[in-house]
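Trainee: Any chance you can model this:
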Amino acid sequence: MIRAPKRSVTRFFIPLIDVLILLFCIFLLMPFVSKPDDGTNPSEVPPAMRDPSMPDDIEKLQQELAIARRRIDDLKRKQSNPGERLSVRVIEIAKDSGKLFYFDADGAGRLELKDQADAERLINQTRARAGAKEAFFLVLYPRELTGFPLRDQVETYRRWFKDVPHGFDNPWSLGPSK
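Mentor: Residues are numbered from 1 along each chain as shown. Got it, this is the predicted structure:
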């Protein structure tokens, strides 16, 4: 017959293990227990650690928020569909001479831009017709390779339109032309 020992080791370790488990559970629950209120607000930052660029007033913060929202609206409007904000005027380069011409909206037909004064007149007319939209001038290269426009002619055209948004559509270039 098997008899239990007189002094059992389990009589000592089982209560010890229970106490250790209880202490471990208390250790796990410690972060969830709140501290007693000592009169200070934990979300309040001491004055020495505050960022001086941050405003203290709610009104200032609301004004900054309104300014930021206006900037976001402006950026959205600028990045919207270009057709809604641009008035595009197409100017072509003649394939036989390299001269600039455009078709008048009043039905006068094909008109040539001979010099800076003609270009400025066209710019002013286009801006007046565009109204609230921004005028953009698109210069189209000839669709056939003829040797025109010459490099000097292109530089002259760039000078004529340097103060207004413009672009050159060259089907023969490898990258976008400015």
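Trainee: use CA for all of it now, contacts and neighbours both
Mentor: Fine.
Trainee: Which positions in the helix or strand of the chain with the lowest mean pLDDT come out as buried?
Mentor: Between all helices and strands in the chain, the lowest mean by mean pLDDT, DSSP states H and E belongs to helix 82-85, at a mean of 72. Neighbour counts using 16 or more other CA atoms under 10 Å place residue 85 of helix 82-85 among the buried residues.
Trainee: Give me the residues contacting stretch 81-91.
Mentor: Contact partners of stretch 81-91, identified using CA atoms under 8 Å, 6 or more residues apart in numbering, comprise 78, 100-103, 126, 130, 133-140.
Trainee: which element is the residue nearest to the spatial centre of the chain on?
Mentor: Within the chain, one residue has its C-alpha closest to the average C-alpha position: by CA atoms, centre = their mean, that is residue 75, at 6.9 Å. With elements taken from DSSP states H and E, the one containing residue 75 is helix 58-78.
Trainee: For that helix, which helices and strands make contact with it?
Mentor: Counting by 3 or more CA pairs under 8 Å, 6 or more residues apart in numbering; DSSP states H and E, no packing neighbours are recorded for helix 58-78 among the helices and strands.
Trainee: from the chain's centre, how far out does it sit?
Mentor: On the basis of CA atoms, centre = their mean, to the nearest Å, helix 58-78 sits 14 Å off its chain's mean C-alpha point.
Trainee: Same question for stretch 121-128.
Mentor: Remark: stretch 121-128 is offset 31 Å from the chain centroid, using CA atoms, centre = their mean.
Trainee: Buried residues, that stretch. List them.
Mentor: Buried positions in stretch 121-128, judged by neighbour count with 16+ other CA under 10 Å: 122-123, 126-127.
Trainee: then it to CSV, C-alphas only?
Mentor: Presented in CSV, the C-alpha positions along stretch 121-128 are these (Å, rounded to 0.1, in the frame of the first residue of the first chain):
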residue,chain,number,x,y,z
ARG,A,121,-2.6,93.1,-79.2
LEU,A,122,-3.6,89.4,-79.4
ILE,A,123,-2.7,88.8,-75.7
ASN,A,124,-4.9,91.8,-74.6
GLN,A,125,-7.8,90.6,-76.8
THR,A,126,-7.6,87.1,-75.5
ARG,A,127,-7.5,88.2,-71.9
ALA,A,128,-10.5,90.4,-72.4
